[in-house]
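Peer 1: this one's structure only:
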């Protein structure tokens, strides 16, 4: 008979972990043109699962239509690197990145997509949009 694994319960603290953590600011620069889209792919995203303490890995893609401001890439890199030691669920990370990036550049629309490496035999993709499709 296989050994029973202890059941770990998700808590409200797990769910909120990392959502309000202090992260580096995402800087912007003035946009000179109209009507074009920007796609940024970040293939080395890492964070920590707040429940297990194990590392999570994935690719974050930010796709947006700028109006007056564009995301500055060096500051975005430091912002994403700050997740490396942060305990946060995938879903919260993608939504937090969207909120922070929208707050920084105020685009016409933005999509943040997180594609996370296989864990437990499952591949997870999360997509958050501004404005939302509710």
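Peer 2: Perfect, I can see it now. Keep in mind the model is a prediction, meaning the values are calculated, not measured. Numbers count the residues shown, from 1 in each chain.

Peer 1: now do stretch 27-34: distance to the chain's middle.
Peer 2: A distance of 22 Å separates the C-alpha centroid of stretch 27-34 from that of its chain, computed with Cα atoms, centre = their mean, to the nearest Å.

Peer 1: again, but for stretch 120-127
Peer 2: Worked out by Cα atoms, centre = their mean, stretch 120-127 lies 14 Å from the chain centre.

Peer 1: for the protein, what spans make up the helices?
Peer 2: Counting by DSSP state H, one finds helices in the chain at the ranges 12-16, 73-81, 90-105.

Peer 1: what's in contact with the second one?
Peer 2: When you say that, I think you mean helix 73-81. Outside helix 73-81, the residues that touch it by Cβ atoms under 8 Å, 6 or more residues apart in numbering are 23-27, 40, 42, 45, 60, 62, 97, 100-101. To be clear about C-beta, it is placed using only N, CA and C from the backbone, and glycine gets the same treatment.

Peer 1: can you say which of those are buried?
Peer 2: Buried by 16 or more other Cβ atoms under 10 Å: 23, 26-27, 40, 42, 45, 60, 62, 97, 100-101, out of those.

Peer 1: picking up where we left off before, among the helices of the chain, which comes closest to residue 3?
Peer 2: Closest to residue 3 of those, according to Cβ to Cβ: helix 12-16, at 24.4 Å.
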